[in-house]
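Participant: mind looking at a prediction? Sequence and model below.
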Amino acid sequence: MLFCTSSKNFISSFPNCKKLNIIDVGCGNGEPVAPILDVLVKQDIQLRYVPIDISQDMLDIAEEFVKKNYEKLQTKSVELDFEMGNFSDLMFELKKDGYSNLLLFLGSTLGNHSDRQRVLTNFRDSMSSDDFLILGVELTNFSKINKIIPHYKGKLAEDFLYLIPENIGIKRNNTECNVSWNDRLNQVEVKIVLKKNINAEIDSEKFTLEKDEQILLSRSAKFTEWTITKLLSDVGFRTELLTTTEDRGYLLSMVQPTRYGV
Ligand SMILES: C[S@@+](CC[C@H](N)C(=O)[O-])C[C@H]1O[C@@H](n2cnc3c(N)ncnc32)[C@H](O)[C@@H]1O
């Protein structure tokens, strides 16, 4: 519903847009893009779905999902690490033949990165002043922290998070997994605590981890409306549209690179 409103507003701000690239950055399985595609496929616009991800497996899943559900949509998947720097060449290339660019960065992916400013700067440096970015982030709601924490628990999350520890010799049953809220850094943290000394190995380098040592497996920073708007503005984005879910748990912000007058 949130997406429907936003995409309609987006379209109204692009009255002459006849061709549009939906560039799904950090696409995952591609499913979160469905509500926006549902709206856009009904418009008189030629659409191209461009999933970008560091994982070829995710790109294949996203492309398959979109091809299955939107048969007429063109797709062009791109394997790329958006932390490595800007990708302006790709964005420029995609605009050939009169296409406009709409980037989507959804699923609170921004909160998983330690240097969020750098990630957003890479995006800004990849965009021209008429490109749009829609960013989705989970908001902090102090009264609801207990509702956020369970998103990071459960077998699926653990299976994924233990992939690397198990790979270097840390057995799951020799650890305790804790999910907690870090008040100072405004982030959810998933840590394992070692129940005994453990011999581990990385790249034939052997070392011992001691009982009671803690290892940070994952972090997910949360925002308030104010902190995300400030971050976007500090990086050089102008907010065109900002909307939240009714419970204020999730925010979508549509932004453009700031134009500087000379
Ligand atoms: C939290 S998931 C979000 C997936 C999806 N957008 C959603 O809304 O559910 C993050 C995705 O970003 C990808 N990703 C993480 N870091 C990346 C990077 N540096 N460059 C490209 N993709 C990255 C991951 O492979 C994963 O598919």
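Facilitator: Everything's here; your move. Residues are numbered from 1 along each chain as shown.
Participant: what's the separation between the closest residue to the ligand within the stretch 51-200 of the chain and Arg184?
Facilitator: With CB to the nearest ligand atom as the measure, Gly107 is the residue of the stretch 51-200 of the chain nearest to the ligand, at 2.2 Å. In this view, the C-beta of every residue, glycine as well, is placed from N, C-alpha and C. Distance of Gly107 to Arg184, computed by CB to CB, to the nearest Å: 25 Å.
Participant: neighbour-wise, which of these two wins?
Facilitator: Neighbours per residue, other CB atoms under 10 Å: of Gly107 and Arg184, the larger number sits with Gly107, 20 against 5.
Participant: I'd guessed that one sits against Gly30; true?
Facilitator: No: using CB atoms under 8 Å, Gly107 and Gly30 do not qualify as a contacting pair, with a distance of 10.7 Å.
Participant: near the ligand, which residues of the protein?
Facilitator: For the chain, the residues in contact with the ligand (CB under 6 Å from any ligand atom) are 26-28, 32, 53-55, 58, 81-83, 106-107, 109, 112.
Participant: inside strands: which ones of the residues you listed?
Facilitator: Those of the residues of the chain next to the ligand mapping onto strands are Asp53, per DSSP state E.
Participant: quick one: contacts for the residue of the stretch 51-200 of the chain closest to the ligand?
Facilitator: Gly26, Gly28, Pro32, Gly136 (CB atoms under 8 Å, 6 or more residues apart in numbering).
Participant: if you set the cut-off to 10 Å instead, what comes out?
Facilitator: Listed by CB atoms under 10 Å, 6 or more residues apart in numbering, the contact set of Gly107 reads Asp24, Gly26, Cys27, Gly28, Asn29, Glu31, Pro32, Val33, Gly136, Val137, Glu138, Tyr250.
Participant: show the pLDDT at the spatially most central residue of the chain.
Facilitator: The residue lying closest to the centre of the chain (CA atoms, centre = their mean) is Thr109, at 2.5 Å. pLDDT recorded at Thr109 is 91.
Participant: could you do the one 3 residues further on as well?
Facilitator: Among the per-residue scores, Asn112 shows a pLDDT of 90.
Participant: likewise Cys177?
Facilitator: Cys177 is assigned 95 on the pLDDT scale.
Participant: grab the nearest non-local neighbour of it.
Facilitator: What sits nearest to Cys177 in space, not counting adjacent residues and going by CB to CB, 6 or more residues apart in numbering, is Ile192, at 5.3 Å.
Participant: may I have the strands that pair with the host helix or strand of the one you found, each with its orientation?
Facilitator: Using DSSP states H and E, Ile192 sits within strand 187-194. Paired with strand 187-194 in the same sheet, following DSSP bridges, are strand 175-182 (antiparallel), strand 214-221 (antiparallel).
Participant: redo these as a markdown table? Include mean neighbour count.
Facilitator: Supplementary listing: those in a markdown table, determined by neighbours: other CB atoms under 10 Å:
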| stretch | mean neighbour count |
| --- | --- |
| strand 175-182 | 16 |
| strand 214-221 | 16 |
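Participant: which non-adjacent residue is nearest Glu83?
Facilitator: Spatial nearest neighbour of Glu83, excluding adjacent residues (CB to CB, 6+ apart): Val119 at 6.3 Å.
Participant: okay, now the spatially closest residue to Ser55 that is not a sequence neighbour: neighbour count?
Facilitator: In space, and not counting its chain neighbours, Ser55 is closest to Glu79: 7.9 Å by CB to CB, 6+ apart. The local packing of Glu79 (other CB under 10 Å) involves 12 other residues.
Participant: for the stretch 151-262 of the chain, what spans make up the strands?
Facilitator: 175-182, 187-194, 198-202, 205-209, 214-221, 237-244, 250-257 (DSSP state E, counting those that start in this stretch).
Participant: okay, these in JSON lines with distance to Phe87 next?
Facilitator: Shown next, in JSON lines, are these (distance: least, CB to CB, whole Å):
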{"stretch": "strand 175-182", "distance to Phe87": "31"}
{"stretch": "strand 187-194", "distance to Phe87": "27"}
{"stretch": "strand 198-202", "distance to Phe87": "30"}
{"stretch": "strand 205-209", "distance to Phe87": "34"}
{"stretch": "strand 214-221", "distance to Phe87": "23"}
{"stretch": "strand 237-244", "distance to Phe87": "17"}
{"stretch": "strand 250-257", "distance to Phe87": "14"}
